[in-house]
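K.L.:
this one's sequence-less:
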């Protein structure tokens, strides 16, 4: 898509500033009718992102919108669809993962005349009755109904959609006879599902999705380029006479291999560019040796250790993406790869046992752009043997990666000082951190990164003052502060006021948007000084997420009167660890009753939560 | 032959804005017109009438209010590119018309 110009971007931002700004332009009917489609789309996307879109507002787009993508929007329901049905120029409608979409919701789009693409993937409430509505849209060319409630009878109905060229039936219980009825669809180029033998009647098939089916072996399809056999038990693939299929992409996520060598016997492995065998039972990796053209290799959650890394060496020359997360690979294994993967851009090692030694090896892979090191043993420093106080920062190795754009260090043990080397990674645009030992210092360090657009600093001990003093890089668009629960509503709204281009993600922001409360509303209330009881009252009106809901009162009590923490939990033992500073008091609370931990599922490994209280130090 | 250093932009309601050529060049569309060797084609393409020597452009789609805002933006963008970081405020009621004009002018 064409990149928006600076002024357009600013206009859209101004238009989506608040509920009030939307009201200012939504009555400009004639202008809205003339709005070019791509501008409508940007505007709608931003409204969605800022949670300002509601069904009746959709009406303003009815003349201009050609493509609409509502994927994963939980609020989308029959009422939204009633408005969408009036979009006369709509060409493409994506409702994937919109769980409230059901058959009657689809009734609204019956008879639409421009619609060519509809994606209903994983809309579980859609059944055969919904398909009856869909077949009224004779213009349909592409239809995705994988993992819906549609049965074989519904699939057979699709035969009347004569213009259909792409059909995704993944995960549907389709029978051979239903597939036979689809043979009437002469334009069909892509299809996915089971009924293996009947597939021979589609000799031009180039894309096949057999995910979650009972197919264990199937015949040779000489034109096949993309094959998805995820979660199948695989005996053999493409067995038969004739040319070996020029397979380019093979996805076998979660598959069970009866015999690796046999399974791949009939595939021209030398042409493969993508192989995804994540979570599969693959345990011998000899088959990799011929895959010289491989660019994407996903081995995550496969039983492999450092010895199998050798197999990757011979095919490393073209490799761009390598996913080794949740494998037994250690730092030594990464060491073996150095020098053999000159084009590697994307490396994922999350949930592996690698430690700081691996960082020095990663620093020697010159093309890396995206590196995921989350949930590893990385600490950010190595203690020099003998000298206990001298620490060598290990993240300095990443400074050699001149293309590094994205780095994930969530669930590692890095602390503020260890992150210093990152400030010279000038191309870094995405950085994810999630660690309870990070503080305001990290935030300030990162403000010097010139290209940072997305920053996650979750579960950190960020304070209101820290956020207030943070000057984000001008490029920053998303600041994710989930779990930084010391931040107050006022701190966040002040920040949003100062930096309207930044989208903040935090529990408080989510609550506010569900109430359709606008930023300006918040600003007016936040002008008043913060008082304990008032804050309490305001919080009481808000639906809090589970983790705050559970212990909100206790935590508030802690925040405003530190002494009352003596017994927030009967079963929980509370240990006020009183430091000496006058202003900043750090407590460590241990909740051993387990209740709190369920609310904090995201930090399942944590049983200690640091709490910073600003105020007068209590006497013990 | 040295051309004038200003251009005149004329709105649909015949309001005239005379601005520096440097500022007008913030718009890729206007820049193309001012720098292209064969001027006439581009002017015609724009739908606006102009004689190149006069440095005038008429925008039949853009009202005076919007064109004024556009001119303000040109100057603001110029300053911004020279390192003066100020806010450019856009009234919400102008956003739609302004983004259409920006789209047209490649600004």
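P.N.:
Received it, and whenever you're ready, just let me know what you need. Keep in mind that what you see is a predicted model, and the values were worked out from it rather than measured.
K.L.:
Going by C-alpha atoms from here, please, whenever you check contacts or count neighbours.
P.N.:
Fine.
K.L.:
Phi, psi for the residue nearest to the spatial centre of chain B please.
P.N.:
In chain B, the centroid-proximal residue (CA atoms, centre = their mean) is residue B:24; its distance is 4.9 Å. Dihedral angles of residue B:24 (phi, psi; degrees, to the nearest 10) stand at phi -60, psi -30.
K.L.:
With residue A:372 as the reference, measure out to it.
P.N.:
45 Å (CA to CA, to the nearest Å).
K.L.:
Next: residue A:4.
P.N.:
30 Å.
K.L.:
and if you look at residue A:140?
P.N.:
Between residue A:140 and residue A:372 the distance, using CA to CA, works out to 40 Å.
K.L.:
Run through chain A and note the low-pLDDT ranges.
P.N.:
A:1-3, A:175-177, A:179-181, A:183-223, A:236, A:238-245, A:384-391, A:510-620 (pLDDT under 70).
K.L.:
try 50 this time
P.N.:
Scanning chain A for pLDDT under 50 picks out A:1, A:189-190, A:192-198, A:201, A:514-620.
K.L.:
Flag every residue of it that's near chain B.
P.N.:
Within chain A, the residues that sit near chain B (CA under 8 Å from any CA of the partner chain) are A:5-8, A:10-12, A:14-15, A:21-22, A:24-25, A:31-32, A:35-36, A:39.
K.L.:
Please repeat the previous calculation with a cut-off of 10 Å.
P.N.:
Taking CA under 10 Å from any CA of the partner chain as the measure of proximity, chain A contacts chain B at A:4-18, A:20-28, A:31-32, A:34-36, A:38-40, A:43.
K.L.:
Going C-terminal from the lowest-mean-pLDDT helix or strand in chain B, what's the next secondary structure element?
P.N.:
Between all helices and strands in chain B, the lowest mean by mean pLDDT, DSSP states H and E belongs to helix B:39-46, at a mean of 46. Proceeding N to C from helix B:39-46, the next assigned helix or strand is strand B:56-58, under DSSP states H and E.
K.L.:
Tell me how far that next one lies from the chain's centre.
P.N.:
Computed by CA atoms, centre = their mean, to the nearest Å, the chain-centroid distance of strand B:56-58 equals 9 Å.
K.L.:
what's the average pLDDT for whatever helix or strand comes next after that strand?
P.N.:
Using DSSP H and E, the helix or strand that follows strand B:56-58 in sequence is helix B:64-81. Confidence for helix B:64-81, expressed as mean pLDDT, is 93.
K.L.:
angle of the helix or strand following helix B:64-81 against helix B:64-81?
P.N.:
With elements assigned by DSSP H and E, the helix or strand that comes after helix B:64-81 is helix B:95-105. Going by axes from the mean of the first three to the mean of the last three CA atoms, to 10 degrees, helix B:95-105 is angled at 70 degrees with respect to helix B:64-81.
K.L.:
Quick check: buried residues in helix B:95-105?
P.N.:
Neighbour counts using 16 or more other CA atoms under 10 Å in any protein chain shown place B:95-103, B:105 of helix B:95-105 among the buried residues.
K.L.:
do the same with stretch B:22-38
P.N.:
Using 16+ other CA under 10 Å as the test for burial, stretch B:22-38 gives B:23-27, B:29-31, B:33-34.
K.L.:
Check stretch A:23-33 too.
P.N.:
Across stretch A:23-33, burial judged by 16+ other CA under 10 Å covers A:25-26, A:32-33.
K.L.:
Residue A:7 contacts residue B:106, correct?
P.N.:
Yes. With contact defined as CA atoms under 10 Å, residue A:7 counts as touching residue B:106 (8.9 Å).
K.L.:
Now do the shared contacts for those two.
P.N.:
Common neighbours of residue A:7 and residue B:106, counting by CA atoms under 10 Å, 6 or more residues apart in numbering or on different chains, are residue B:99.
K.L.:
host element of the residue nearest to residue B:55 when sequence neighbours are not counted?
P.N.:
Leaving aside its sequence neighbours, residue B:55 sits nearest to residue B:7 (CA to CA, 6 or more residues apart in numbering or on different chains; 4.9 Å). In the assignment (DSSP H and E), residue B:7 maps to strand B:6-10.
K.L.:
I'd like the distance from that strand to the chain centre, please.
P.N.:
Centroid separation for strand B:6-10 versus its chain: 8 Å, with CA atoms, centre = their mean.
K.L.:
residues in contact with it?
P.N.:
Applying CA under 10 Å, 6+ apart, the contact partners of strand B:6-10 are B:15-25, B:30, B:34, B:48-50, B:52, B:54-60, B:62-64, B:67-68, B:71.
K.L.:
out of those, which are buried?
P.N.:
Among the contacts of strand B:6-10, those classed as buried by 16+ other CA under 10 Å are B:16-17, B:19-21, B:23-25, B:30, B:34, B:48-50, B:55-59, B:62-64, B:67-68, B:71.
K.L.:
So residue A:508 is in contact with residue A:487, correct?
P.N.:
Yes. With contacts counted by CA under 10 Å, residue A:508 reaches residue A:487, the gap being 8.9 Å.
K.L.:
more neighbours, the two?
P.N.:
Higher neighbour count among residue A:508 and residue A:487: residue A:508, with 24 against 21, using other CA atoms under 10 Å in any protein chain shown.
K.L.:
For burial, what's the neighbour tally of the nearest residue to residue A:288 once chain neighbours are set aside?
P.N.:
Among residues not flanking residue A:288 along the chain, residue A:311 sits closest, at 6.5 Å (CA to CA, 6+ apart). Per other CA under 10 Å, the neighbour tally for residue A:311 reads 17.
K.L.:
What count of nearby residues applies to residue B:87?
P.N.:
8.
K.L.:
Does anything pack onto the helix or strand following the strand holding residue B:7? Which helices or strands?
P.N.:
Toward the C-terminal end, the helix or strand that comes next after strand B:6-10 (DSSP H and E) is strand B:16-20. Judged by 3 or more CA pairs under 10 Å, 6 or more residues apart in numbering or on different chains; DSSP states H and E, strand B:16-20 is in contact with strand B:6-10, strand B:56-58, helix B:64-81.
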